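A.B. asks: below: sequence and its predicted model.
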Amino acid sequence: MISGTVLSKGRKINKKIYIIGAGLSGLSAAIKLSENNSNCIILEATDHAGGRCRSFNDNLLKTKIDNGNHVILGGNHNTFEYLKRVGTNHNSLTGFSKYNFVDLKTLEFWKLEPKHLYLPFLLFNSQNRIPGSSIDDYFSILKLPFLNLNQTLGTIVNQDSVFSNRFWEPICTAVLNTTPSQASAKLLWQVLKETLIRGKDSSKLYVINDGLTDTFIQPAINYLFRKGIKIAYGSRLTKISFSGDKARTLHLRDRNILLNPDDKIILTLPPIEISRLLPNNAVPEKTNPIVNIHFKLQTDNPLPHKNIFLGITNGVSQWVFYKNEVLSVTVSDAINLVDQDPEIIARRTWEELLPLLNYPNSKLPKFRVIKERNATIAQTPAQENKRPDCLTVWKNIFLAGDWTNTGLPSTIEGAIKSGITAANMLQKRESKN
Ligand SMILES: Cc1cc2nc3c(=O)[nH]c(=O)nc-3n(C[C@H](O)[C@H](O)[C@H](O)COP(=O)(O)OP(=O)(O)OC[C@H]3O[C@@H](n4cnc5c(N)ncnc54)[C@H](O)[C@@H]3O)c2cc1C
């Protein structure tokens, strides 16, 4: 047993903050706490930081790939603030004001220009609308803020319409990782009002040029290191013992940490871990998968017009990205795909994309299929109602994580916001005592 009391620069400090989990929410909490020179440590179960947002060297493709393609939107203010704070290079992201799409059935190309949503008079010109849609379709967006907490997007969407197929389906599935018929309308509205319908800067879609780790994770680790906050890898929290209304001991796989009365804990773990560690805390239990298929090409960008990302409708593939000789396909809400054999998944997506590509042969390139089975919580009204607040019944335990009650979907923005909220709540409680 080791005590939570530590020596820092020869001084005995009795107040320590244990952040459990080095995903974006844990890193964000630590960054916020570092502003006040808090005495923090991050305990991470694995041998790397980043959680569901990370890159790794793939020995088959012989290149660095991300666990899944991630995009962010201009309105993700907490995310941009985080990137600025940790000093991520400006050139790490490329922003797009138009989102290009192709319909795999008809090979018709079109673009979604968010400016038509925040300057709605432009929609009276049919050239500015998604082909096959009417102006009434766009007005259905205005019904969204009036739906209640228990309603799904399916309430206002005619699923047989072209507009559903070309707007609601791709946007909702990408943002909420949940199909429109089940997705929380309120949550989608929360995102649209901060992004697509807010204005030029807020609606820009940003792709990550390098890797997720180089952009979001390593700069944060370096920043925290400079602030004296370290990450202890291989430190899986297996159990918490309590005394009165406080946690008393953190049980790690290979050691225990006896907490001092003023020590605090921020748990930034997936919901399944929280239900195990804090049994009486209700959490969302349903998750949805995302599957990414990375193809290693020996050629330059084969996508039409050398797009570096393209939305796809009427296929298994939903978004396709190109960077550094890797073509990557994303399938969100991949419930029907996730249990299939990786080779079948790769062959199916490769063959459906081939007619689009400027590629010399049809042979299946080397591929890596990454199945994130618990990519996000299912963002349905029922699961939404189970997202807990940051405060718990335990006086020294705070919750963060993209699945907590942030008012946002399970995204980078939600994760970063949750970490900031936990740090703020913790400091507020400390200032009261
Ligand atoms: C394939 C995929 C694509 C995505 N695409 C997008 C996108 O385009 N845009 C977007 O904004 N978001 C996207 N997301 C969501 C985004 O990645 C997450 O919202 C975010 O990374 C969640 O961060 P987190 O810190 O809340 O959780 P996590 O990343 O899950 O972090 C939790 C950490 O806790 C650690 N841990 C778990 N158990 C223990 C334990 N017992 N003890 C100690 N440590 C433990 C884990 O190893 C992990 O490091 C995507 C997610 C996936 C999987």
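C.D. replies: Now that the structure is in, tell me what you want to look at.

A.B. asks: which of the helices or strands spans the nearest residue to residue 394 once chain neighbours are set aside?
C.D. replies: Distances taken as C-beta to C-beta, 6 or more residues apart in numbering put residue 247 closest to residue 394, at 5.6 Å, once the chain neighbours are dropped. (C-beta placed from N, C-alpha, C; glycine too.) If you go by DSSP states H and E, residue 247 is part of strand 246-252.

A.B. asks: can you get me a residue count around the closest residue in space to residue 357 that isn't next to it in sequence?
C.D. replies: Distances taken as C-beta to C-beta, 6+ apart put residue 302 closest to residue 357, at 4.1 Å, once the chain neighbours are dropped. The number of residues packed near residue 302 is 17, by other C-beta atoms under 10 Å.

A.B. asks: same question for the one 4 residues further on.
C.D. replies: By other C-beta under 10 Å, 10 other residues sit near residue 306.

A.B. asks: which ones are touching it?
C.D. replies: Neighbouring residues of residue 306 by C-beta atoms under 8 Å, 6 or more residues apart in numbering: residue 300.

A.B. asks: torsion angles phi and psi at it?
C.D. replies: phi 50, psi 30 (degrees, to the nearest 10).

A.B. asks: pLDDT score assigned to it?
C.D. replies: With respect to pLDDT, residue 306 has a value of 94.

A.B. asks: do the same with residue 5
C.D. replies: For residue 5, pLDDT reads 44.

A.B. asks: swap in the one 10 residues further on?
C.D. replies: The model reports residue 15 with a pLDDT of 90.

A.B. asks: which positions in the stretch 101-250 of the chain make contact with the ligand?
C.D. replies: 236-237 (C-beta under 6 Å from any ligand atom).

A.B. asks: what ranges do the strands span in the stretch 101-250 of the chain?
C.D. replies: In the stretch 101-250 of the chain, the strands defined using DSSP state E, counting those that start in this stretch lie at 108-112, 205-208, 230-232, 237-243, 246-252.

A.B. asks: and the second one, what other elements does it pack with?
C.D. replies: In this structure, strand 205-208 makes packing contacts with strand 71-73, strand 93-96, judged by 3 or more C-beta pairs under 8 Å, 6 or more residues apart in numbering; DSSP states H and E.

A.B. asks: show me where the stretch 251-400 of the chain has its helices.
C.D. replies: With DSSP state H, counting those that start in this stretch as the criterion, the stretch 251-400 of the chain has helices at 271-277, 342-353, 381-384.

A.B. asks: what sits up against the first one?
C.D. replies: Where contact means C-beta under 8 Å, 6+ apart, the residues beyond helix 271-277 that reach it are 237, 239-240, 267, 269, 281, 283-285, 287, 374, 377, 388, 399, 401, 403.

A.B. asks: do you know the pLDDT at the closest residue to residue 34 other than its chain neighbours?
C.D. replies: Excluding the flanking residues, the one nearest residue 34 by C-beta to C-beta, 6+ apart is residue 227, at 4.1 Å. Predicted confidence (pLDDT) for residue 227: 96.

A.B. asks: what is the neighbour count of residue 227?
C.D. replies: 16.

A.B. asks: so it is in contact with residue 33, correct?
C.D. replies: No: the pair residue 227 / residue 33 is not scored as a contact, 9.1 Å apart, by C-beta atoms under 8 Å.

A.B. asks: list the strands paired with the strand of greatest length in the chain, with their directions.
C.D. replies: Longest strand in the chain by number of residues (criterion: DSSP state E): strand 366-377. Sheet pairing of strand 366-377 (DSSP bridges) gives strand 287-296 (antiparallel).

A.B. asks: and the angle from the strand it pairs with to helix 342-353?
C.D. replies: If you take axes from the mean of the first three to the mean of the last three C-alpha atoms, to 10 degrees, strand 287-296 sits at 70 degrees to helix 342-353.

A.B. asks: now strand 287-296: buried residues?
C.D. replies: 287-296 (16 or more other C-beta atoms under 10 Å).

A.B. asks: ok, so of those residues, who is nearest the ligand?
C.D. replies: residue 290 (3.8 Å; C-beta to the nearest ligand atom).

A.B. asks: show me what contacts the residue nearest to that closest one when sequence neighbours are not counted?
C.D. replies: Once flanking residues are discounted, residue 290 sits nearest to residue 375: 3.8 Å by C-beta to C-beta, 6+ apart. With contacts defined as C-beta under 8 Å, 6+ apart, residue 375 is in contact with 52, 68, 177, 287-290, 332.

A.B. asks: return the closest of those with respect to residue 342.
C.D. replies: Set against residue 342, the nearest of the contacts of residue 375 by C-beta to C-beta is residue 289 (13.5 Å).

A.B. asks: what sits against the residue nearest to residue 394?
C.D. replies: Going by C-beta under 8 Å, 6+ apart, the list of residues near residue 247 reads 240-241, 259, 265, 394, 396-397.
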